[in-house]
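Q: coordinates for the following, if possible.
(2 chains)
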Amino acid sequence: MKESKIVVNNKVGLHARPASLFVQEAAKYQSNIKVSTTDPDTQEFREANAKSILGVLTLGVFQGMEITIRAEGEDEEGAVTSLLALVEKNFGEE
Amino acid sequence: MKRLPGIPASRGICVGPVFQFVRQEIVVEEKCVDNPQAEINRLENAISKAKYQISLIYQKALTEASKEDAEIFQAHQMILEDPELLGEVKKKIENQKLSAESAMQVTAQAFSDMMAAMKDEYFAARATDILDVGNRVLRILLGIAETPTADLKEPSVIVADDLTPSDTVLLDKSLVTGFCTARGSATSHTAILARGLGIPAVSGVGDSVLKIANQTRIILDGTKGEAVIDPDEETVAYYQQRISTAKVLHEKAMEHTHEPAVTLDGVTVEIVANIGNVKGAKSAVENGAEGVGLLRTEFLYLEGNCLPSEEEQYKAYRAILDVFGDLPVILRTLDVGGDKEIPYMGLEAESNSFLGQRALRLCLVRPDIFKPQLRAALRAGVGRNLKIMFPMVATAQEVREARKVLNECIRELKNEKLSFAENIEIGIMVEIPSAAIVADQLAKEVDFFSIGTNDLSQYTMAADRTNPKVADLSDAFFPAVLRLVRDVIIAAHKEGKWVGMCGELAGEPLAAPILLGLGLDEFSMNPPVVPLLKQILRGLNASEMKLLAEKALQLETPHEIQELVKEQVPFIAELVG
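A: Next comes the predicted model:
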């Protein structure tokens, strides 16, 4: 299993186009990939299937929130690295 | 033969077979199944068909609409591929022995409810997306046609209750010769679409039209506002004659449409177009418009699912400005309020959105919306003839505030060393009676006015133009509205400023003599009307029209005024039939 944390810094968070890009990237890998976060207000822990657009959207990740990406499978290394890179470069937003 | 009176929504005449636009209801019977695996196979088949359909629509939207429009269908595609949603549907089939239809319907509803419960406008829109996608799969499973117009194979007159923008995305416009709607008004979506396409439309003819069988012959007179059902041969011959006369007239008007509109006594009037996208821009140029009197910018905001970035807007505006080269293009800043569904903006519903915080009022309190648009416009205007105008101005103070924001944007762009259009003309829409009344004060604050007669009429007459019960009152031909137009023009000219008009009245043949007589400098209209209006203006004498306008403003009703124009300028009466 491979796991990593990162803060989402782009404007809209994990919604709209960035959420789509995230899910499309996750779908390229065989591994089971989960993305999770803790609501900064309620401290509620939420987890979703990173390949599910509806799951990722309902996580409610806004700008400034930290997410954990966890992958399990043969290509777990590549999956986590590429998803991190996507968040890192703010999904190519200006 | 039966004549149905209605509202003239788009001028012109057509004869053709009826095509009823009927949305078939999706009814799913609840029943248990014996063979879950067979249901799962049916489901998977339906999903791959749905994916194929969506990919076709996506391609169509990419070429015919905008990238933002197309992205909605990309989102639909992703929902269809969602492992959580599909997993849940399959689980319901296996565990609860539901049919594929039932399982899909229940699951889509549950996911949609979950989204809707997030109490955020953005999620509310996704909730709708899920139901849309679910319904597409259900239609395939139930064998219901994808769109009500899937069987539209020959040129026809579309008959409907009323049409929404999503109804018309998939409509093959080349097969539509006219629209006839039971409800709706002269300003509903159907009417606007028809005018953009230059085909006739009659609205509000009543529910009886929905019971007419497909293929029944129907005549639409969009100029008069009448539908003739199952006409006799004599009537058909009469309208055929009028259609061919109109065609000859249009061809004649097209011959000279790329020349300026100069009146008999040598007054040159500027004829420009109202547009809302690149397609409209091209149509404007083909029809001989000398620029754009109203560039609506709402399209960028209505189609996406987040605020369009400055860069996106810059590219969109630039693409349109490039079509016009040196010709003037007046960009109107965002005109939305609580009545438009733009979920991501988080606008509160207002009890009376037409009198609420809309257009410039909204922009002044939302710099996050206003500034990127102004910056994008200023940048796109480099080397082009861009002008900017603000909608829904009621007071001079608002103009000064808007200018302040504009100046901030200019300072920012300078600091960032970005190039932008300098010294551009700034104007306002005159569409609120208060603005018309204090036009003398406003004229000192701006470079030009553009009169928006649709809103000016409904605010002056206190009559909602989308309410068929009072829509008659919301008519710009009422002397109360025309007198305001006169006062606005006089006030502007006193300050040496020019006045245009971008409401429907500017493209109305019977109004042209009056507006010319009142001294209107620029007429802005839907592209298909440009050739006709130019031809009409060339046949008029501006100084004579002054007297006609004075006379007209003394009359009491729109009908009296129109009859006066027909009597005094018989050639227009002939042209409009």
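Q: and for B:Glu574, the neighbour number?
A: 11 (other Cβ atoms under 10 Å in any protein chain shown). (C-beta placed from N, C-alpha, C; glycine too.)
Q: for it, list the residues it contacts.
A: Listed by Cβ atoms under 8 Å, 6 or more residues apart in numbering or on different chains, B:Glu574 has no contact partners.
Q: list phi and psi for the residue of chain A found nearest chain B.
A: Here the residue of chain A nearest chain B is A:Ser52; by Cβ to the nearest Cβ that distance is 4.0 Å. Main-chain dihedrals, A:Ser52, degrees, to the nearest 10: phi -110, psi 110.
Q: that one reaches A:Phe22, doesn't it?
A: No - using Cβ atoms under 8 Å, A:Ser52 is not in contact with A:Phe22; the gap is 10.7 Å.
Q: how close does B:Ala380 get to B:Asp326?
A: 15 Å (Cβ to Cβ, to the nearest Å).
Q: actually B:Tyr344, not the one I typed
A: 36 Å.
Q: of these two, who's got more company?
A: The neighbour comparison of B:Tyr344 against B:Asp326 (other Cβ under 10 Å) goes to B:Tyr344, with 18 against 8.
Q: surely the more buried one is in a strand?
A: No - read with DSSP: H, G, I helix; E, B strand; the rest coil, B:Tyr344 is helix and lies in no strand.
Q: show me what contacts it?
A: So B:Tyr344 contacts A:Ala16, B:Glu121, B:Tyr122, B:Ala125, B:Asn305, B:Cys306, B:Leu307 (Cβ under 8 Å, 6+ apart).
Q: same question for B:Leu510.
A: B:Phe477, B:Gln562, B:Val565, B:Lys566, B:Ile572, B:Val576.
Q: give the buried subset of the residues you listed as a PyMOL selection command.
A: Selection of buried members from the contacts of B:Leu510 for PyMOL, criterion 16 or more other Cβ atoms under 10 Å in any protein chain shown:
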select buried, chain B and resi 477+562+565+572+576
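Q: could you dump the contacts of B:Leu510 into JSON lines with distance to A:Val80 added?
A: Formatted as JSON lines, those follow (distance: Cβ to Cβ, whole Å):
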{"residue": "B:Phe477", "distance to A:Val80": "68"}
{"residue": "B:Gln562", "distance to A:Val80": "72"}
{"residue": "B:Val565", "distance to A:Val80": "74"}
{"residue": "B:Lys566", "distance to A:Val80": "76"}
{"residue": "B:Ile572", "distance to A:Val80": "73"}
{"residue": "B:Val576", "distance to A:Val80": "70"}
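Q: need the worst-confidence member of the contacts of B:Leu510.
A: Lowest pLDDT among the contacts of B:Leu510: B:Val576, with 74.
Q: grab the nearest non-local neighbour of that residue.
A: Closest residue to B:Val576 apart from its sequence neighbours, by Cβ to Cβ, 6 or more residues apart in numbering or on different chains: B:Pro509 at 5.0 Å.
Q: flag the shaky bits of chain A, pLDDT-wise.
A: Scanning chain A for pLDDT under 70 picks out A:93-94.
Q: quick one on the thing from earlier: what's around the residue nearest to B:Val576, how many residues?
A: B:Pro509 has 20 nearby residues by other Cβ under 10 Å.
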